[in-house]
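Trainee: mind looking at a prediction? Sequence and model below.
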Amino acid sequence: MRLDLMTVVGILAGMAVVIAGIATSGSLMLFWNLPSVLITVCGSFTALLIKFNFDQIKKVLVTTKMAFTTSPTERTELVERFSWLAKKARREGLLALEDEINEEEDLFFAKGMQMMVDAMEPELIREILETDISQTQRRHELGQDVFNTWALLAPAFGMIGTLIGLIQMLSKLDDPSALGPSMAVALLTTFYGALLANLIFIPIVGKLGLKSDEELLGKKIIIEGIIGIQSGMNPRILDEKLKAFLPPDARNAEGTQEGGPAINAAG
Amino acid sequence: MRLDLMTVVGILAGMAVVIAGIATSGSLMLFWNLPSVLITVCGSFTALLIKFNFDQIKKVLVTTKMAFTTSPTERTELVERFSWLAKKARREGLLALEDEINEEEDLFFAKGMQMMVDAMEPELIREILETDISQTQRRHELGQDVFNTWALLAPAFGMIGTLIGLIQMLSKLDDPSALGPSMAVALLTTFYGALLANLIFIPIVGKLGLKSDEELLGKKIIIEGIIGIQSGMNPRILDEKLKAFLPPDARNAEGTQEGGPAINAAG
Amino acid sequence: MRLDLMTVVGILAGMAVVIAGIATSGSLMLFWNLPSVLITVCGSFTALLIKFNFDQIKKVLVTTKMAFTTSPTERTELVERFSWLAKKARREGLLALEDEINEEEDLFFAKGMQMMVDAMEPELIREILETDISQTQRRHELGQDVFNTWALLAPAFGMIGTLIGLIQMLSKLDDPSALGPSMAVALLTTFYGALLANLIFIPIVGKLGLKSDEELLGKKIIIEGIIGIQSGMNPRILDEKLKAFLPPDARNAEGTQEGGPAINAAG
Amino acid sequence: MRLDLMTVVGILAGMAVVIAGIATSGSLMLFWNLPSVLITVCGSFTALLIKFNFDQIKKVLVTTKMAFTTSPTERTELVERFSWLAKKARREGLLALEDEINEEEDLFFAKGMQMMVDAMEPELIREILETDISQTQRRHELGQDVFNTWALLAPAFGMIGTLIGLIQMLSKLDDPSALGPSMAVALLTTFYGALLANLIFIPIVGKLGLKSDEELLGKKIIIEGIIGIQSGMNPRILDEKLKAFLPPDARNAEGTQEGGPAINAAG
Amino acid sequence: MRLDLMTVVGILAGMAVVIAGIATSGSLMLFWNLPSVLITVCGSFTALLIKFNFDQIKKVLVTTKMAFTTSPTERTELVERFSWLAKKARREGLLALEDEINEEEDLFFAKGMQMMVDAMEPELIREILETDISQTQRRHELGQDVFNTWALLAPAFGMIGTLIGLIQMLSKLDDPSALGPSMAVALLTTFYGALLANLIFIPIVGKLGLKSDEELLGKKIIIEGIIGIQSGMNPRILDEKLKAFLPPDARNAEGTQEGGPAINAAG
């Protein structure tokens, strides 16, 4: 659960690019206006409050953390581990895997292993674990939905803020010299909305989606591994089957460790 | 069926943010114009009248209520209840569950239980209840469709209103001093349309969708629970199966009540 | 096949709102310009001629009629009718249902009943009727596609008309006093396009979609009913199965007529 | 393979409407500017060259021809023909159909008939023909994709051309009298892009899609017909099954030719 | 793995068209502004850094190479090869195919062949190879996603840059003569964003998608070929089955080489 440096670096670098772009030809203070910030940020946040209930809003903090950390479980390690577990199960029997469960941090892995050791029917194990995956996916999508909705509403409230500024400006055209600065202020909310959506919310939704995909793929490997071990599949064939979930370079790297290419080893 | 405070609070807070944003730099009265309200709100509503028939429009009131209330049946309670029902059925037989049906408020639950007690075939029960779910989903989607259509049409009629104002303004450019205020008024309909869509309709569509998902998930748990009890599934395994529908924290919390982690308890 | 008043009322009311909005602050004649009407309406219609062939264009008239009428067959009546047919078939045999076919106006219903009476295999009946449904859906979607395409092209040709007006206006800036009125005329095509799309085409596409859904659902009930009767399903269970297609209030209403709640009646 | 008059008429009529709309209030020459044509048409075409390879670009000519011609094989004729083939097969055996193959122009039909006469297994015939259909669909979608991409890129390069014109105009504001005409020229690329997309590319993509659907539906009828004949299905039942692919009026028309309504005839 | 000339030619030609369009009516230097380039390109790239992790960004280089090269394996060659392999397997047995594996460059082909020679069950081979395909597809989609996200973010940061320029310009309206040039500079970022998206990113995403489709289709042919050989399918029938994946002209061309039309040959 280490910090995902890229996310932080990306946001800071994006800020730096925009600030540098502003500073090369004018004052930064021109781009700070508290009421405009309030309309864009708070306005879109109140619309979020209408859509999501309090529990869901609280979970956003948890979801956001997910975008800023990297998951510890790697797919390659998972496949290696099942290779080892399948050999152990073949030598010492399924019950010998019970020790693995107590030390396990991944609740999904532990739950699947426990059901396997308890000799539940494979189809029932698969059904329960797939329900678990679909619920995990549902929770992940809810977290993405919060940021996605925000990414849509922030520019919308930016536009609403600009409309307010334009209407106020146009209604009192007495002083033509105030026209420019008033319109500059009116455009600030559109600027805030575009920046929030494109620099923060859209990339974070994307990152959450990619991390969710990776996590769900890991869980699919766990299901195939557990069902394979329980049905007494040949460890080499199970290894071949799970390696299909890895990118080609990861497969070769591991194959070499075992003394030959993965394909020949299956012979 | 308690009031969902968040929805009300969100709308009021959103209104407050917009009103505060306007009031800090001008008069609120500038933003009130009855003909503009009529074109935006009534114009988009007449388009709704074309799309939906009278029965569907009437049901909008019912649908709207759903966005402002919280449903009483919690998924966690459902799972606990089926755990208890499965044990009772095992001890006293399926017919002992008949008492549960008469007191039941949830018609879907009662209907499923009655079919189970009547010893209908599991596949037929599942088919009837899944048809019921798909019809419920259809009705929910119709309700969301009304607000969704409104969310698309309100800004469109806002733009139509602004076009009317612009065309009238441009056709009589004699008095340049009237240009600004005329254009301010023309922009009001766009402002109303954007506000209605982004502060009211889009968040309410989202809330209705989330509540519908939650309700349909509850119904899926009921189907699995009823089929599980009727097929005489071991109560501990049924419990394990239904808990896969709960978020991980809800599972552990309940597991503790039963004296140990859910996974070990299944052993 | 009565006139669907809502569609007519909605279009007239929408026209009235827009006309009232115009009339409160200017002359209606300002918004009438024949060349602008021709570019928006005829331009988008010629694009329709390219996409659709002559037969499809002719069928639009039929499709439009569907949006302005209400279908006679109600789902509730269908379910009641199958309840009665199932009982009759049980008492007097399948052949006794042959009289029903000759008087039947609904060709789909008659065709399904005839195949049932002819003792064709249930799977073949289902396959033929589902092919029929998918072709009906295809025809409905073609009709919706015509209006949907028009809803996209009308604003596009409105914008093309406005571009023509703007280019002509900008190329002769000699007389600044003509600027405003020229631009007002240029904007008229955009106004026409937005009005046609949002007040006429988009709501009609929506209405056609909802009517199509309702009709296809009725056909699905007919399939389930016919297959149920042919397979000799218990009339009470068939009734239970078909009632799952009705909204909860319609189910109770009918259940009461039979002397008790539907669920208990199945016991 | 006759010329599809509607497509040609539609494009010419659309051109006429736009030209008439321009000519009523100004000179046509105003709307001709070679550099603007080059940026919009060639610019978007170079982007097409990046996306598609040379073979795919060449096939566009073939694809375009498809939009301007009508296919000879009618669904109604197909159903009548299978009705005749099924009766012949029943009287004279499957091998009697071999003569039909040599004269057949439709390669898909001939291939399916040959496999049937060769007594290949029905499931293998279905699999091979369905693979063929999915490849045909893939080729059709590629052709539509070319025009679809062009429909998206033409307005985009129109906007790029307008941006170029605007930037050039704004950078030399010395001569205010040149402002209008410069901006008129700048808007020309947007006009060209909108016209190309909405009058040519979008309708042609639509027409190609509709023709592809029709052709694929014909191929599905051929599969069902061939499998039906090979499996020795009763010609009347096969007729009933294939007629479900026709619109209701086409069914009745043919039924009458055979001396009675199709449904009764099946009794 | 030859260079795909079309991609390079397309980009260069597109650049030439835009440069020519600019040069005919002004100086090219007007369209070069370093801070504007930085905001558009670097701003959108930092947002990419937030969404994708470092490994994924590195793989973009590999992905990009795919858009600029043509793949060596042709579908037609694949089908011919399986035709030859099926005949060899029938004459000399499955083990005779082992020599083919060692020389094989395509890892997917080699892996499938090895599993076939090792006599793994067909269903398991299919499952492993389909998992492999779905993972390849996942990796391809990730590469397309990078460019797709960039295609969305480049115009967005272009608009953010223009907003910065507009706000700075409007806040100091003292010198009206500077208005035009300032606005010209402000529009440059929108121009860069539109050009990057429409000339580079969108066509490259399209090309990657088409190449990915072609590669995945080749892998599907390999699966069908290997399963066909292992199940001892008649080489002529397998040939017929795999040819369904080819366009009609490719089939005839090959059929002629074998001395007759493919269909008759299967008799």
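Mentor: Received the coordinates, thanks.
Trainee: helix/strand/coil for residue A:43?
Mentor: helix (DSSP: H, G, I helix; E, B strand; the rest coil).
Trainee: which bits of the stretch 101-250 of chain A sit near chain B?
Mentor: Counting by CB under 8 Å from any CB of the partner chain, the stretch 101-250 of chain A comes close to chain B at A:101, A:107, A:110-111, A:114-115, A:117-118, A:120, A:124, A:127-129, A:131-132, A:135, A:138-139, A:142, A:145, A:149, A:152-153, A:156-157, A:159-161, A:163-173. In short, each C-beta sits where N, CA and C put it, glycine included.
Trainee: try 6 Å this time
Mentor: Residues of the stretch 101-250 of chain A lying close to chain B by CB under 6 Å from any CB of the partner chain are A:111, A:114, A:118, A:128, A:131-132, A:153, A:156, A:160, A:163-164, A:166-168, A:170-171, A:173.
Trainee: any part of the top helix by length along chain A near chain E?
Mentor: Ranked by residue count under DSSP state H, the longest helix found in chain A is helix A:122-171. No: using CB under 6 Å from any CB, helix A:122-171 stays clear of chain E, with a minimum separation of 9.4 Å.
Trainee: let me see the residues that make contact with the next helix or strand after that helix.
Mentor: Using DSSP states H and E, the helix or strand that follows helix A:122-171 in sequence is helix A:179-195. Here helix A:179-195 makes contact (CB atoms under 6 Å, 6 or more residues apart in numbering or on different chains) with A:33, A:36, A:39-40, A:154-155, A:158, A:161-162, A:165-166, A:169, E:160, E:163, E:166-167, E:170-171, E:173.
Trainee: what's the first helix or strand after helix A:179-195?
Mentor: Moving toward the C-terminus from helix A:179-195, the next helix or strand (DSSP H and E) is helix A:202-230.
Trainee: which strands and helices sit next to the next helix-or-strand element following that following helix?
Mentor: Counting by DSSP H and E, the next helix or strand C-terminal to helix A:202-230 is helix A:235-243. Applying 3 or more CB pairs under 6 Å, 6 or more residues apart in numbering or on different chains; DSSP states H and E, one finds that helix A:235-243 contacts helix A:75-92, helix A:202-230.
Trainee: from these, which stretch is densest packed?
Mentor: Mean neighbours per residue, mean count of other CB atoms under 10 Å in any protein chain shown, is largest over the helices and strands packed on helix A:235-243 for helix A:202-230, with a mean of 21.
Trainee: gap between that one and the chain center?
Mentor: With CA atoms, centre = their mean, to the nearest Å as the basis, helix A:202-230 stands 11 Å off its chain's centre.
Trainee: let me see the mean pLDDT of that helix.
Mentor: Mean pLDDT, helix A:202-230: 93.
Trainee: any bit of it sitting next to chain E?
Mentor: Yes: judged by CB under 6 Å from any CB, helix A:202-230 and chain E are in contact via A:203, A:206-207.
Trainee: coming back round to it: would you turn the helices and strands packed on helix A:235-243 into JSON lines with distance to residue C:217?
Mentor: Output for the helices and strands packed on helix A:235-243, formatted as JSON lines (distance: least, CB to CB, whole Å):
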{"stretch": "helix A:75-92", "distance to residue C:217": "44"}
{"stretch": "helix A:202-230", "distance to residue C:217": "34"}
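Trainee: show me the shaky parts of the stretch 101-250 of chain A.
Mentor: A:174, A:176 (pLDDT under 70).
Trainee: for it, which residue gets nearest to chain B?
Mentor: Going by CB to the nearest CB, chain B is nearest to residue A:173 of the stretch 101-250 of chain A, at 3.4 Å.
Trainee: how about that residue: what's its closest non-neighbour residue?
Mentor: residue B:180 (3.4 Å; CB to CB, 6 or more residues apart in numbering or on different chains).
Trainee: gap between the most centrally placed residue in chain A and chain C?
Mentor: What sits nearest the mean C-alpha location of chain A, by CA atoms, centre = their mean, is residue A:208, with 1.9 Å. From residue A:208 across to chain C, the span is 33 Å (CB to the nearest CB, to the nearest Å).
Trainee: spit out the contact partners of that residue.
Mentor: Shown in contact with residue A:208 (CB under 6 Å, 6+ apart): A:67, A:144.
Trainee: one more time with 8 Å
Mentor: Contacts were defined as CB atoms under 8 Å, 6 or more residues apart in numbering or on different chains; by that measure residue A:208 touches A:63, A:66-67, A:140, A:143-144, A:147.
Trainee: quick one on the thing from earlier: closest one to chain C out of the residues of helix A:202-230 next to chain E, please.
Mentor: Proximity of those to chain C was ranked by CB to the nearest CB; the top entry is residue A:206 with 28.9 Å.
Trainee: so who does that closest one touch?
Mentor: Shown in contact with residue A:206 (CB under 8 Å, 6+ apart): E:50-52, E:145, E:149.
Trainee: closest to residue C:212 out of those?
Mentor: Nearest to residue C:212, judged by CB to CB, of the contacts of residue A:206 is residue E:145 at 35.3 Å.
Trainee: gap between the residue nearest to the centre of chain A and chain D?
Mentor: According to CB to the nearest CB, residue A:208 stands 28 Å off from chain D.
Trainee: could you do residue A:125 as well?
Mentor: Plainly put, residue A:125 is 33 Å away from chain D if you go by CB to the nearest CB.
Trainee: and residue A:160, by the same measure?
Mentor: Distance of residue A:160 to chain D, computed by CB to the nearest CB: 25 Å.
Trainee: and the closest residue in space to that residue that isn't next to it in sequence, how many neighbours does it have?
Mentor: Of all residues not flanking residue A:160 in the chain, residue B:194 sits nearest, at 5.1 Å (CB to CB, 6+ apart). Neighbours of residue B:194 under the rule other CB atoms under 10 Å in any protein chain shown: 21.
Trainee: with residue A:119 instead?
Mentor: Residues contacting residue A:119 under the criterion other CB under 10 Å number 11.
Trainee: I'd say it and residue A:94 touch.
Mentor: Yes: with contact defined as CB atoms under 8 Å, residue A:119 reaches residue A:94; the gap is 7.4 Å.
Trainee: hmm, back to that, would you mind measuring from the residue nearest to the centre of chain A to residue A:200?
Mentor: In this view, residue A:208 and residue A:200 are 12 Å apart by CB to CB, to the nearest Å.
Trainee: picking up where we left off before, among the residues of helix A:202-230 next to chain E, which one lies nearest to residue E:226?
Mentor: Nearest to residue E:226 among the residues of helix A:202-230 next to chain E: residue A:206, at 37.0 Å, using CB to CB.
Trainee: the closest one and residue B:223, how far apart?
Mentor: When distance is defined by CB to CB, residue A:206 is 35 Å away from residue B:223.
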